[in-house]
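Enquirer: dropping the sequence and predicted coords here.
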Amino acid sequence: MDDSKRMVDTYEVKHAIHVGDKEILFLVDEKITSCPYIVCNCSWDNPLGVDQYSDAMGSADYLEMMTEFTERVRKQLEAVKAERNKITVPLQPFTLKHCIPSDYKENIENKVVIIRAECLRPEYRTTDKQLVLAIGGFGVHGNSRGRAVYTVNLYSGKESRWNRENILGTLKPEYMPDWAKERLKQIQRERQAKQQKCEQER
């Protein structure tokens, strides 16, 4: 059993709820009598995926800080609901039947692959979060010792890093939705234009 405590500076994380793109933390350091309770946000939207803390608020009033903590969680839930309501494609997640299972001998660069649903937050286990174009990283190559796979999400266009084991497999062409076909063409055009611009500037 791991008895280690999660710490942020001298404060211990007593409560943590991860919803959407943020984790809301309730921190305690009772040795600091003037401000023993802190509530802050934690996110990982950076190339290294390290913890980034923001919007810290502290007080000596436990009830005030617990109210702030629960209010932030509520706002995150509302934000995720609003985000989902804007999605214009079917949300039913892709499963093993929709893909050619991941084979570590296979090169997946420039292929549309499916992120394993279990690797996503429960609130994000939907089609729009699963379909990505593998664009680079050592992990895209067959029999590679590297694990990193850099991707572009077909729905949002957001670039992310995954490990090769996070990929369920390569999407079978017959299961490619029309919206994904259009977005794939757009992403490929944008990447090609960017590459040509870089070559001209050399």
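Expert: In hand now; what should we look at? Note that the structure is predicted; figures quoted are calculated from it, not measured.
Enquirer: what does stretch 107-114 contact?
Expert: Residues outside stretch 107-114 that contact it (CB atoms under 8 Å, 6 or more residues apart in numbering) are 94, 98-99, 102, 130-136, 140-142, 149, 151, 154, 167-171, 176, 180, 184. Heads up, the C-betas are built off the backbone N, CA and C, glycines and all.
Enquirer: which of the residues you listed fall within strands?
Expert: Counting by DSSP state E, the part of the contacts of stretch 107-114 found in strands is 99, 131-136, 149, 151, 167-171.
Enquirer: from those, which is closest to residue 116?
Expert: Distance to residue 116 across those (CB to CB) is lowest for residue 168, with 4.6 Å.
Enquirer: ok, now how distant is the residue of the chain most remote from its centre from residue 67?
Expert: Most distant from the centre of the chain: residue 33, at 36.8 Å, with distances by CA atoms, centre = their mean. According to CB to CB, to the nearest Å, residue 33 and residue 67 sit 20 Å apart.
Enquirer: for residue 51, see how far away the closest residue to residue 99 other than its chain neighbours is.
Expert: Among residues not flanking residue 99 along the chain, residue 169 sits closest, at 3.4 Å (CB to CB, 6 or more residues apart in numbering). As for residue 169, its distance to residue 51 is 31 Å (criterion: CB to CB).
Enquirer: so these two - more neighbours on which side?
Expert: Legend: neighbour count by other CB atoms under 10 Å for residue 169 and residue 51, higher for residue 169 (20 against 13).
Enquirer: re earlier: buried subset of the contacts of stretch 107-114, written for ChimeraX?
Expert: Here is the ChimeraX command that picks out the buried ones among these, judged by 16 or more other CB atoms under 10 Å:
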select :94,98,99,102,130,131,132,133,134,135,136,140,141,149,151,154,167,168,169,170,171,180,184
